[in-house]
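In: Predicted structure and sequence below. I'll ask about it afterward.
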Amino acid sequence: MAKLNVLKVANTLAITTAVFYLVCIIAVLVTPNLTTAIGSYLLHGIDISKLIVARSISYSAISLIVGTAAGWLTGSLFAWVYNKIA
């Protein structure tokens, strides 16, 4: 069975995560009520409106960086584990 390139998988997941984060950031800025409703639906109807905090550019940038890093780490771990058990 073919081995995965750990760096390529990690980079792919990091880029994918960053794109989703950017789309989410834009959606929250443009339609905050709709994104809150969608978030509630995704969490089986839990009212998340009380969890909303004031958003700033720096907050969004930090969350984008942290999310992208988490995506990269997840991708590298996934590929490493896959290569070990494949």
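Out: Arrived safely.
In: From the chain's centroid, how far away is the helix or strand of the chain with the lowest mean pLDDT?
Out: In the chain, the helix or strand scored least confidently by mean pLDDT, DSSP states H and E is helix 32-42, which has a mean of 91. What separates the centre of helix 32-42 from the centre of its chain is 16 Å, taken as Cα atoms, centre = their mean, to the nearest Å.
In: Show me which residues of it are buried.
Out: For helix 32-42, the neighbour count (16 or more other Cβ atoms under 10 Å) marks 35-36, 39 as buried. Yep, even glycine has a C-beta here, placed from its N, CA and C like the rest.
In: and what of stretch 45-60?
Out: Using 16+ other Cβ under 10 Å as the test for burial, stretch 45-60 gives 48, 60.
In: Now it: average pLDDT?
Out: In this model, stretch 45-60 carries a mean pLDDT of 85.
In: tell me how far the longest helix seen in the chain is from the chain's mean position?
Out: The longest helix of the chain (DSSP state H) is helix 57-85. On the basis of Cα atoms, centre = their mean, helix 57-85 sits 8 Å off its chain's mean C-alpha point.
In: so what does it touch, helix or strand wise?
Out: helix 6-30 (3 or more Cβ pairs under 8 Å, 6 or more residues apart in numbering; DSSP states H and E).
In: Remind me what the helix it packs on packs against, helices and strands.
Out: Using 3+ Cβ pairs under 8 Å, 6+ apart, helix 6-30 is in contact with helix 32-42, helix 57-85.
In: closest one to Thr17 among these?
Out: Closest to Thr17 of the helices and strands packed on helix 6-30 is helix 57-85 (Cβ to Cβ; 3.0 Å).
In: what angle sits between that closest one and helix 6-30?
Out: Put simply, helix 57-85 runs at 150 degrees to helix 6-30, going by axes from the mean of the first three to the mean of the last three Cα atoms, to 10 degrees.
In: Show me which residues of helix 57-85 are buried.
Out: 60, 64, 67-68, 71-72, 75-76, 79.
In: which one is the residue nearest the centre of the chain nearest to, not counting chain neighbours?
Out: Taking Cα atoms, centre = their mean, the centroid of the chain lies closest to Thr17, which sits 4.4 Å from it. Leaving aside its chain neighbours, Thr17 sits nearest to Gly71 (3.0 Å; criterion: Cβ to Cβ, 6 or more residues apart in numbering).
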